[in-house]
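A.B. asks: dropping a prediction and its sequence here:
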Amino acid sequence: MSIEVVDVRPHERHYGVYIIKFEDGSERLATRNLTPGKRVYGERLVKWGGAEYREWNPYRQSSPPR
């Protein structure tokens, strides 16, 4: 079971942070994955528009870049 991505857009205030919107209407913060295919914390990897993004989980990872 996987949820399809319907949109990825840059965050309005934080450079390098993106908002991923899923088909169920939920939105999650993400950063661009500089090492495609590699996970560090078991996070969900999302491919969109030729780029790969890592879903940010505040309980497992440090703050996204500012």
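C.D. replies: Looks like it arrived, so ask away. It should be emphasised that the depicted structure is a prediction, and the values quoted were computed from it without experimental measurement.
A.B. asks: tell me who's in contact with the most centrally placed residue in the chain.
C.D. replies: What sits nearest the mean C-alpha location of the chain, by Cα atoms, centre = their mean, is Ala30, with 2.6 Å. If you count contacts by Cβ atoms under 8 Å, 6 or more residues apart in numbering, Ala30 has them with Val8, Val17, Tyr18, Ile19, Ile20, Val46, Tyr53, Arg54, Glu55, Trp56. C-beta coordinates here come from the backbone N, C-alpha and C atoms, glycine included.
A.B. asks: just the buried members of those residues?
C.D. replies: The neighbour count (16 or more other Cβ atoms under 10 Å) marks Val8, Val17, Tyr18, Ile20, Val46, Tyr53, Arg54, Glu55, Trp56 as buried among those.
A.B. asks: circling back to that earlier point, closest one to Thr35 out of the contacts of Ala30, please.
C.D. replies: Arg54 (9.5 Å; Cβ to Cβ).
A.B. asks: what residues are up against that closest one?
C.D. replies: Counting by Cβ under 8 Å, 6+ apart, Arg54 has contacts Ala30, Thr31, Arg32, Asn33, Arg39, Val40, Glu43, Arg44, Leu45, Val46.
A.B. asks: dump the buried ones among the contacts of Ala30 to a markdown table, plus pLDDT.
C.D. replies: Listed next are the buried ones among the contacts of Ala30 as a markdown table, based on pLDDT from 0 to 100:
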| residue | pLDDT |
| --- | --- |
| Val8 | 95 |
| Val17 | 94 |
| Tyr18 | 96 |
| Ile20 | 95 |
| Val46 | 91 |
| Tyr53 | 94 |
| Arg54 | 93 |
| Glu55 | 91 |
| Trp56 | 87 |
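A.B. asks: now for those residues: which two are most distant?
C.D. replies: Across those (Cβ to Cβ), the longest gap, 13.8 Å, separates Val17 and Val46.
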